[in-house]
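3D, please:
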Amino acid sequence: MTVTAQMARFALVGVVNTGTYYGCYLALLTVLPYLAAHVIAFALSMVGSFLLNSYFTYRTRPTWRKFLLFPLTNAANFVITTGGVWLLVDRAGFSSRYAPLVAAMAAIPITFVVSRAIMLRPDPRPEVVERVR
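Next up, the predicted model:
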């Protein structure tokens, strides 16, 4: 599969992930405080995103190692969007209303690269893992 196809699939998974998060958030909001609903919905959507990116975007076998590294994609996104919003608003004079959208668009390619590196990274050979234990 080409990198362009992976990028398109990554974007589609992002749309599905956003919908999953928001649907879970709204459902949980009926029985939980908003912050608890947010945290649980975020965690559920991240698990779904991991599985969709494993099977659909990168066509790779999900492993516990990849699963534990996958939150780095969200951390990268957070750092880039937060820094981007600050730069756009405080330094470039953008409206705080639109700056997050621009920063999010800038974060997508970097998040894709981090995600791709995690998901396509080969797992250590089983005999190496056994020696470490």
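
quick one: low-confidence parts of the protein?
Along the chain, the parts satisfying pLDDT under 70 run over 125-133.

And for the helix or strand where Ala76 lies, what's in contact with it?
In the assignment (DSSP states H and E), Ala76 maps to helix 71-86. With C-beta atoms under 8 Å, 6 or more residues apart in numbering as the test, helix 71-86 has contacts from 46, 96, 99-100, 102-104, 106-107, 110-111, 114-115, 118. Bear in mind the C-beta positions are built from the backbone N, C-alpha and C, glycine included.

And for stretch 11-25?
37-38, 40-42, 44-46, 48-49, 52-53, 56-57, 108.

Give me the buried positions along it.
Residues Val13, Gly14, Asn17, Thr20, Tyr21, Cys24, Tyr25 are the ones in stretch 11-25 that count as buried (16 or more other C-beta atoms under 10 Å).

Much appreciated, bye for now.
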